[in-house]
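> Sequence isn't available, so here's the structure alone:
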Ligand SMILES: [Zn+2]
């Protein structure tokens, strides 16, 4: 079985890249476009509030963040502005997400914690950072391992079996919809905090609002939804880290 081993090694080497901004080494074996297409299929199924008047605000802030992020997109993963879709999700739990391929969901329940545009920018900056850093694809790669990832990129497995499909869906952060929870790691969360702070500052929002937002948010009790609450770095650590990255973020502010 020499050939498959060689293929695996080739795949392993070709999978090495570095994350934008932080330069962290990443192991990504799956095609971002394929993760994006699966994400789009899940996004369609979600219950949205297309007539909510607050949607215009989410779109406006989101597009500013995406434009600000583009300067750091050296891996070329951000879709063009016209391809981004924004939705208010009909869900009272305070959560938000951004999917590979440019789908952003903001739960109706999140508005109670985002009185200002700066607060919304904290969230959207963090979420767009997950996308530009390809955390979804990286997690799929970790989850499935080299062998399975190679099999998936194979033409012959275009129609994925149910189990593989579920692993993908869980890995890109949509597990809650399926009752399978696979959160981002703390490393991914910290990276998104740092990169997101930079994006919000560059888009003209106040990064100093981020620590306060997370402090308020951390006080929410009850059942904790995925992504936004369950796995984020311990609150004190997160606040300390955000303060540490503040000068770096402020240097990105537009002049004048
Ligand atoms: Zn996150």
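Received the coordinates, thanks. Predicted model only: the values in this text are computed from it and were never measured.
> hey, let's count contacts and neighbours off CA atoms from now on
Fine.
> Residue 90 reaches residue 48, doesn't it?
Yes: contact criterion C-alpha atoms under 8 Å: residue 90 and residue 48 qualify, at 5.2 Å.
> in the chain, which spans are helices?
Along the chain, counting by DSSP state H, helices occupy 2-14, 32-45, 55-69, 117-132, 135-153, 162-169, 175-178, 186-202, 209-218, 235-244, 246-250.
> Could you list the buried residues of the second one?
Yep, that's helix 32-45 we're talking about. By neighbour count on 16 or more other C-alpha atoms under 10 Å, the buried set for helix 32-45 is 32, 35, 36, 38, 39, 40, 43.
> cool, the last one as well?
Applying a neighbour-count criterion of 16+ other C-alpha under 10 Å, one finds 246, 249, 250 buried in helix 246-250.
> again, but for stretch 68-82
Result for stretch 68-82 [16+ other C-alpha under 10 Å]: buried residues 68, 69, 70, 72, 77, 78, 79.
> how about TSV for these, with distance to residue 60 and pLDDT added?
Formatted as TSV, the buried residues of stretch 68-82 follow (distance: C-alpha to C-alpha, whole Å; pLDDT from 0 to 100):
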residue	distance to residue 60	pLDDT
68	13	98
69	14	98
70	16	97
72	20	97
77	21	93
78	17	95
79	16	94
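> ok, so of the residues you listed, who is nearest residue 137?
residue 77 (10.9 Å; C-alpha to C-alpha).
> Give me the nearest residue to that closest one, chain neighbours excluded.
Nearest residue to residue 77 in three dimensions, chain neighbours excluded: residue 132, at 6.0 Å (C-alpha to C-alpha, 6 or more residues apart in numbering).
> now residue 254
Of all residues not flanking residue 254 in the chain, residue 202 sits nearest, at 5.9 Å (C-alpha to C-alpha, 6+ apart).
> What is the neighbour count of the one you found?
Number of residues near residue 202 (other C-alpha atoms under 10 Å) recorded here: 23.
> which residues sit in contact with it?
Residue 202 sits next to 65, 68, 249, 250, 252, 253, 254 when contact means C-alpha atoms under 8 Å, 6 or more residues apart in numbering.
> CSV please, covering those and showing distance to residue 242.
Below are the contacts of residue 202 laid out as CSV (distance: C-alpha to C-alpha, whole Å):
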residue, distance to residue 242
65, 18
68, 19
249, 10
250, 12
252, 15
253, 16
254, 20
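> Spatially, which two of the residues you listed are the most separated?
65 and 250 (14.8 Å).
> For the residue nearest to residue 77, give its distance to residue 99.
10 Å (C-alpha to C-alpha, to the nearest Å).
> How about residue 60?
Separation of residue 60 from residue 99 (C-alpha to C-alpha) stands at 18 Å.
> out of those two, which sits in the more crowded spot?
Between residue 60 and residue 99, counting by other C-alpha under 10 Å, residue 99 is the more crowded of the two (28 against 12).
> Name the residues linked to that one by a beta bridge.
Beta bridges link residue 99 to residue 103, judged by DSSP bridges.
> Identify the residues contacting it.
When contacts are counted by C-alpha under 8 Å, 6+ apart, residue 99 is found next to 36, 39, 131, 136, 172.
> Rank the helices and strands of this structure by mean pLDDT and give me the bottom one.
Lowest by mean pLDDT, DSSP states H and E among the helices and strands of the chain is helix 175-178, with a mean of 41.
> what about residue 85, how many neighbours?
18.
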